[in-house]
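Undergrad: Here is my input, please return the structure:
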Amino acid sequence: MQTIYLKWYMVGIILFCVTLLLITMHVHMKDSIATQKVTHWKLRPLRQEVSEYNLADSSSNEKDSNIDHHNEYVKTKLIEAAQLVNTAKIHVRGTKSGDALLLAARVLDEVLHAFDLDYVSVTRRAVHEPHSVCKETYNGTTFGYPFFNRGFEQIKCDLQIAEAQLITVVIQLDRFRTTDLTRLLDDLHKYNKDISVIVGIYTEDFRLFSTDTYTNILFKSYDNTNTKGHIWNDLIDLVQTPYVLIARDLIMFNNDSRLHRLIREIERLKLTSAGGASRDNSGYWELGCLQRAYKNHTLVYEEGYQESIHECVFCDHIESAFVISKETVSKIKFDETILGEGIWEDFFLRAGGESVICPDAMFYVRRTARSSSTLDWYEFGKKNNLKKMKFLSSNLELSFGCSGRSDCFSGTGFAVTPCCLEELANLTMFIMNACAKAGVICELQEGTLLGAVKLQKVLPWERDADITFLTANYSKFQSLKTIFGRAGYSCSDRASLWCCVDNRTAGGKFLISSTHWHAELYGQHIMDSEILMSNKLMPTKLKFHGQWVNVPRNPGLHVRNRYGHEMYAHSQHWMATGKTSGWINYQTSKFTKCHRTGSHNCLDRYNSDGNLQFKDIIP
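TA: Numbers count the residues shown, from 1 in each chain. Have a look, this model is predicted:
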């Protein structure tokens, strides 16, 4: 299951679709349906509106055909909307959005009854017939008493394929784990002496290991230059059965693996893979089902599930051994360039489709903790251009920093990369701190102030920084050039002073630049902070990237009057939308469409309103 973190934009879109479909039904629903099936008072106008259809020039049969066509279209779209609402309802984490989706589901259910359908039936997952293993039946709650090792029983059938012809066990042995391997191979032989097993083993261990006692087991040795991804791919290429058990971290094997059960669910639900829970050699049992959110260069994992079927739970990432078809795993392949951590995260990130864990299947494993060293995750982080990675359930957070990164803008419709936003924030804060230390009155202005008011940080679609300074402090600010230079910034004069406004010198402009950004500083003859201080009041300060900085006296009033209607909703920078000036009436209805639909850094994955969505994501 490819989990996508649900933001308010999804709720809005879905509810909009539902509303649109209701309107469409008013126009297109057949008179007989309106008369016979629709009794809800909100839908009664359908009958009248259908009768007003302008079909005077058409024959009766043509009218019926047109209306039937419209009915079928509306019904199809209603089913599609119901399925989307149901998916959103399953994955939503916010209380308000969850409540809204529950109400939307009830409204859809009422409308679907007009077509002799209901919400539950149209959102129920499709289940297919297994073609390699037999079905199973449940014998009731007392059948397995008292130990409940039995309950669901496989029904005999003609399509059953012998397990040895159906699946191959593939093992990659970590260095110096030959004792584990001996036990595992003995267990596999007891389980099914005919099952094929392929073992990848490092050369130095292979010399110490006796292979003569095993049949149906293929050993292949590798030297230290081979990555784990290369070894897995090489071993899987040798498989000659339809399915593979990727025996990750296995140390024992018995009937608890329930391989037929996992294959059955892959075929019934058209899954990418199916895994089991795990039990380590200390007896600790874990579900091992992780959900994933990947958004704007941040990757977050959290243990748990949001949907289940057939006593299996849907997962974005499986922590233990899993079954997968050879065809599927051969298409996905393991990344052969990742040297340290991340090979499994990368595999499931690219796998697509849906995966489950059926916890009644259990694998015995030697569990290893994830490394907390960012260096061990370097190749994975670089490949996915990550700024941050979190495993919430284990309180592990990795920060990949920003060194060596040069890309800021991916094009219209994309958010600015976090590293570049950090660079702009650092530039802005350095200027404001320098002003404060030198006694220069400076305030955030324009889009920088807007970001501070709305998000308390730089807007994710920003293009520059805007700051005003008191023109009377012009010479003082000029003296800061050396300080900016030592910090790696360039500072240049861009406009001279002029006379006068309110009998005060006005004007002056500086441009301060970092590697990717410019900060424009405009001189202003009088400023709110100066007026407040002259009245023995402190300047207004607003928290911006964790620090309090000077802003106009009433920043909320300032940005409302500057940007106009609905300014707390979002609008991209005027440069990104092809406008010729920032002095426009901003449109806040939606973000520009992203040409790589669904990409982790697309702005159109965000709702065009609200600031909570720009905080840390959750799966």
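Undergrad: ok so Pro359 is a strand residue?
TA: Yes - secondary structure of Pro359 (DSSP: H, G, I helix; E, B strand; the rest coil): part of a strand.
Undergrad: which residues touch it?
TA: Pro359 is in contact with 276-277, 287, 311-313, counting by Cβ atoms under 8 Å, 6 or more residues apart in numbering. C-betas here are computed from N, CA, C, even on glycine.
Undergrad: In this structure Ser196 contacts Val169, no?
TA: Yes - taking Cβ atoms under 8 Å as the definition, Ser196 is a contact partner of Val169 at 7.1 Å.
Undergrad: More neighbours: those two, which one.
TA: Val169 (28 against 22; other Cβ atoms under 10 Å).
Undergrad: helix, strand or coil for that one?
TA: strand.
Undergrad: remind me which residues of the stretch 451-600 of the chain are low pLDDT?
TA: Within the stretch 451-600 of the chain, the ranges that satisfy pLDDT under 70 run 589.
Undergrad: so where do the helices sit in it?
TA: Using DSSP state H, counting those that start in this stretch, the helices assigned to the stretch 451-600 of the chain run over residues 474-478, 481-486, 528-534, 555-563.
Undergrad: looking at these, which is closest to Leu424?
TA: Leu424 lies closest, by Cβ to Cβ, to one member of those: helix 481-486, at 15.1 Å.
Undergrad: so what does the closest one touch, helix or strand wise?
TA: Using 3 or more Cβ pairs under 8 Å, 6 or more residues apart in numbering; DSSP states H and E as the contact definition, the elements that helix 481-486 packs against are helix 418-438, strand 490-501.
Undergrad: Can you give me the domain assignment for this structure?
TA: 8-123, 136-140+150-366, 418-590 (automatic domain parsing).
Undergrad: which residues touch Asp249?
TA: If you count contacts by Cβ under 8 Å, 6+ apart, Asp249 has them with 278, 320-321, 365-368.
Undergrad: ugh, wrong one, Ser496
TA: In this structure, Ser496 makes contact with 507-508, judged by Cβ under 8 Å, 6+ apart.
Undergrad: Narrow the contacts of Asp249 to those that are buried.
TA: Among the contacts of Asp249, the ones that count as buried by 16 or more other Cβ atoms under 10 Å are 278, 320-321, 365, 367.
Undergrad: got CSV for the residues you listed, with pLDDT too?
TA: Shown next, in CSV, are these (pLDDT from 0 to 100):
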residue, pLDDT
Ser278, 97
Ser320, 96
Ala321, 98
Val365, 96
Arg367, 90
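Undergrad: Now the two most distant members of these.
TA: Within those, Ala321 and Arg367 form the most distant pair, 11.8 Å apart (Cβ to Cβ).
Undergrad: which residues do the two both contact?
TA: Counting by Cβ under 8 Å, 6+ apart, the residues touching both Ala321 and Arg367 are 249, 278.
Undergrad: Stretch 91-104 - what's its average pLDDT?
TA: Mean pLDDT, taken over the full extent of stretch 91-104, equals 81.
Undergrad: from the chain's centre, how far out does that stretch sit?
TA: 18 Å (Cα atoms, centre = their mean, to the nearest Å).
Undergrad: Would you indicate which residues of that stretch are buried?
TA: Neighbour-count burial for stretch 91-104 [16+ other Cβ under 10 Å]: 91-92, 94, 97-98, 100-101, 104.
Undergrad: Comparing the helices and strands packed on helix 481-486, which stretch has the densest surroundings?
TA: For the helices and strands packed on helix 481-486, ranked by mean neighbour count under the definition mean count of other Cβ atoms under 10 Å, the leader is helix 418-438 at a mean of 20.
Undergrad: I'd like to know which elements that one is packed against.
TA: strand 442-444, strand 465-470, helix 474-478, helix 481-486, strand 518-524, strand 541-544, strand 547-550.
Undergrad: how many degrees apart are it and strand 490-501 in direction?
TA: Counting by axes from the mean of the first three to the mean of the last three Cα atoms, to 10 degrees, helix 418-438 points 60 degrees away from the direction of strand 490-501.
Undergrad: Ile161 contacts Ser132, doesn't it?
TA: Yes - in this structure, Ile161 sits in contact with Ser132. The criterion is Cβ under 8 Å, and the distance is 5.0 Å.
Undergrad: quick one: the strands in the stretch 251-400 of the chain?
TA: Per DSSP state E, counting those that start in this stretch, the stretch 251-400 of the chain has strands spanning 273-280, 285-286, 289-295, 298-303, 308-309, 312-315, 317-318, 322-325, 355-365, 388-391, 396-399. These are given in chain order.
Undergrad: could those be laid out in a markdown table, adding distance to Gly546?
TA: Formatted as a markdown table, the strands of the stretch 251-400 of the chain follow (distance: least, Cβ to Cβ, whole Å):
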| stretch | distance to Gly546 |
| --- | --- |
| strand 273-280 | 40 |
| strand 285-286 | 37 |
| strand 289-295 | 21 |
| strand 298-303 | 18 |
| strand 308-309 | 41 |
| strand 312-315 | 35 |
| strand 317-318 | 32 |
| strand 322-325 | 42 |
| strand 355-365 | 39 |
| strand 388-391 | 16 |
| strand 396-399 | 15 |
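Undergrad: so where does Val74 fall, helix or strand?
TA: helix 60-91 (DSSP states H and E).
Undergrad: That helix: which residues count as buried?
TA: Counting neighbours by 16+ other Cβ under 10 Å, one finds that the buried residues in helix 60-91 are 67, 70-71, 74-75, 78-79, 81-91.
Undergrad: The helices and strands packed on helix 418-438: which one's closest to Glu302?
TA: For those, the distance to Glu302 is smallest for strand 541-544, at 28.0 Å, taking Cβ to Cβ.
Undergrad: any idea how far Glu379 is from Asp407?
TA: 18 Å (Cβ to Cβ, to the nearest Å).
Undergrad: need the helices and strands packed on helix 481-486 in CSV with distance to Ser514, can you?
TA: What follows is these, written out as CSV (distance: least, Cβ to Cβ, whole Å):
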stretch, distance to Ser514
helix 418-438, 5
strand 490-501, 8
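Undergrad: What count of nearby residues applies to Pro130?
TA: The local packing of Pro130 (other Cβ under 10 Å) involves 19 other residues.
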